[in-house]
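Student: I would like to see how this sequence folds:
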Amino acid sequence: MPVYKRLVEVGRVAFIAKGKDQGKLATIVNVIDGNHVLVDGPSSGVSRGSRNLKDLQLTKFKTNVRVGQRTKGVKKAFDEGKVADKFSQTKWAKNIVNKQKRANLTDFERFKLMRAKQLRNRLVRVELAKLRKAAKH
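Tutor: Presented below is the predicted three-dimensional model:
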């Protein structure tokens, strides 16, 4: 049984975590060496170029492209596979969206969120106390 499920391979879709085009998806078109790959993401606005693997996070998605595939073919495979739609449905993408929402909250919105959490936690504590009391008897 393989230890790794997401291998660096031609056609693997990667999430760009650092640098230019941060937060976008790109397809690996060629493996240059042990540390660098050639990526292309015409559908997501990533220009074709060499990237360090330390700046990429591999996704579970894979497109059907050949080694050194031209940009037109990469775009076609990416769009036919509906990779962007599939990625947006993952828990990973939803966490990214939620993190962005939290980062853009104003002071008052953060205060309202804190008060809502306090109210929810108070209701949970009251119900838990009722259940404990009922369990004792």
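
Student: there's contact between Gln22 and Ile16 in this structure, I believe.
Tutor: Yes - applying C-beta atoms under 8 Å, one finds Gln22 in contact with Ile16, separated by 5.7 Å. Yep, even glycine has a C-beta here, placed from its N, CA and C like the rest.

Student: between these two, which is the more surrounded one?
Tutor: Ile16 (20 against 10; other C-beta atoms under 10 Å).

Student: distance of the more buried one relative to Lys133?
Tutor: 54 Å (C-beta to C-beta, to the nearest Å).

Student: which non-adjacent residue is nearest Lys5?
Tutor: Lys60 (7.2 Å; C-beta to C-beta, 6 or more residues apart in numbering).

Student: quick one: list the elements packing against the longest helix seen in the chain.
Tutor: For the chain, the helix with the greatest residue count under DSSP state H is helix 107-136. If contacts are counted by 3 or more C-beta pairs under 8 Å, 6 or more residues apart in numbering; DSSP states H and E, helix 107-136 sits against no helix or strand.

Student: what about that helix, average pLDDT?
Tutor: Averaging pLDDT along helix 107-136 yields 96.

Student: use 425 as the first number for this chain going forward.
Tutor: Taking 425 as the first residue, the last one we looked at is helix 531-560.

Student: for that helix, what is the distance to the chain centroid?
Tutor: Relative to its parent chain, helix 531-560 has a centroid offset of 31 Å by C-alpha atoms, centre = their mean, to the nearest Å.

Student: then stretch 440-449?
Tutor: 11 Å.

Student: quick one, what contacts Ile520?
Tutor: Gly447 (C-beta atoms under 8 Å, 6 or more residues apart in numbering).

Student: quick check: it vs Lys429, distance?
Tutor: 21 Å.

Student: what ranges do the strands span in this protein?
Tutor: Using DSSP state E, the strands of the chain run over residues 436-440, 449-455, 460-465, 470-476, 480-486.
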